[in-house]
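Colleague: Got a predicted model here, sequence first, then my questions.
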Amino acid sequence: MRKKDEEHKEILAKMEESFANARLAYANMMAGEADLKAQIEDMKGHEEEIKVENVAFKAKVEDLQATKAWMLSEGAKLLAKNIHKGPEMTAAVAAVNNAMSAVGVNSGLHNGYLHALKKKTPYADVPLLNRNAAEELNAVVASFDSLIFPVIEDLPKLVDEPLSKIKDALYFASGVSSEG
């Protein structure tokens with residue numbers, strides 16, 4: 001009987017040890033559950049932050065897309081118009097025009113002088129005399145004022161393209177390589 005009692009005691013000790021291990025495992029599991037719940041709550045807080053950031057990023061992306069669309073459709077046209085109508089362009093065109101006029105006046109004076117020396121050609125038949133010059137000048141000015149730049153007109157078609165394609169189109173139009 002003693003042997004059986006000792007066997008029972010050993011079995012009881014093992015069971016007690018097993019129960020102690022089970023209690024410890026349960027306590028650890030419950031502590032882990034508490035940590036897990038804390039992590040879930042922390043994640044929920046981060047989820048809200050991410051949602052707020054996502055809304056802000058969406059707004060920024062939409063703004064950038066709208067800016068890109070405006071720049072390609074209206075901004076480029078406005079830029080070209082400002083350059084076209086700007087004082088720098090006016091000064092450059094006026095300088096060319098003045099230089100061409102000086103050459104034209106000198107040529108006209110030279111031909112007029114030669115004609116006057118010869119006195120053989122009636123005034124109406126003088127070479128290079130253009131009685132429609134004023135009207136032709138007005139037509140040229142009107143054409144210049146309504147000048148259309150195809151590259152500017154084509155930019156809005158690139159609104160959904162990446163920047164590299166837009167650059168390629170602009171470099172191609174200018175005759176410069178995008179490779180440098």
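Modeller: Received, thanks. Numbering: from 1, shown residues only.

Colleague: Which residue is the nearest non-sequential neighbour of the spatially most central residue of the chain?
Modeller: The residue lying closest to the centre of the chain (CA atoms, centre = their mean) is residue 68, at 4.7 Å. Once flanking residues are discounted, residue 68 sits nearest to residue 159: 6.3 Å by CB to CB, 6 or more residues apart in numbering. (C-beta placed from N, C-alpha, C; glycine too.)

Colleague: Residue 73 is in contact with that neighbour, correct?
Modeller: Yes: using CB atoms under 8 Å, residue 159 is in contact with residue 73, at 7.2 Å.

Colleague: the more surrounded of these two?
Modeller: Using other CB atoms under 10 Å as the criterion, residue 159 and residue 73 rank with residue 73 on top: 17 against 14.

Colleague: Quick check, pLDDT for the more buried one.
Modeller: Looking at residue 73, its pLDDT stands at 83.

Colleague: Quick check: it vs residue 156, distance?
Modeller: Separation of residue 73 from residue 156 (CB to CB, to the nearest Å): 4 Å.

Colleague: again, but for residue 79
Modeller: For residue 79, the distance to residue 156 - CB to CB - is 14 Å.

Colleague: Quick one: the strands in this protein, in order.
Modeller: For the chain, no strands turn up when DSSP state E is the criterion.

Colleague: Which helix runs longest in it?
Modeller: Using DSSP state H, we find that the single longest helix of the chain is helix 2-70.

Colleague: which strands and helices sit next to that helix?
Modeller: On a contact count with 3 or more CB pairs under 8 Å, 6 or more residues apart in numbering; DSSP states H and E, helix 2-70 meets no helix or strand.

Colleague: Report the mean per-residue pLDDT for that helix.
Modeller: Rounded mean pLDDT across helix 2-70 is 88.

Colleague: Pop the domain breakdown of this structure in here.
Modeller: For the chain, automatic domain parsing gives the domain ranges 1-42, 57-180.

Colleague: Save the ones you listed as CSV, and put in distance to residue 48 too.
Modeller: As requested, those are exported to CSV (distance: least, CB to CB, whole Å):
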stretch, distance to residue 48
domain 1-42, 11
domain 57-180, 15
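
Colleague: just to revisit the earlier point, now do the longest helix of the chain: distance to the chain's middle.
Modeller: 45 Å (CA atoms, centre = their mean, to the nearest Å).

Colleague: Thanks again, I'm all set now.
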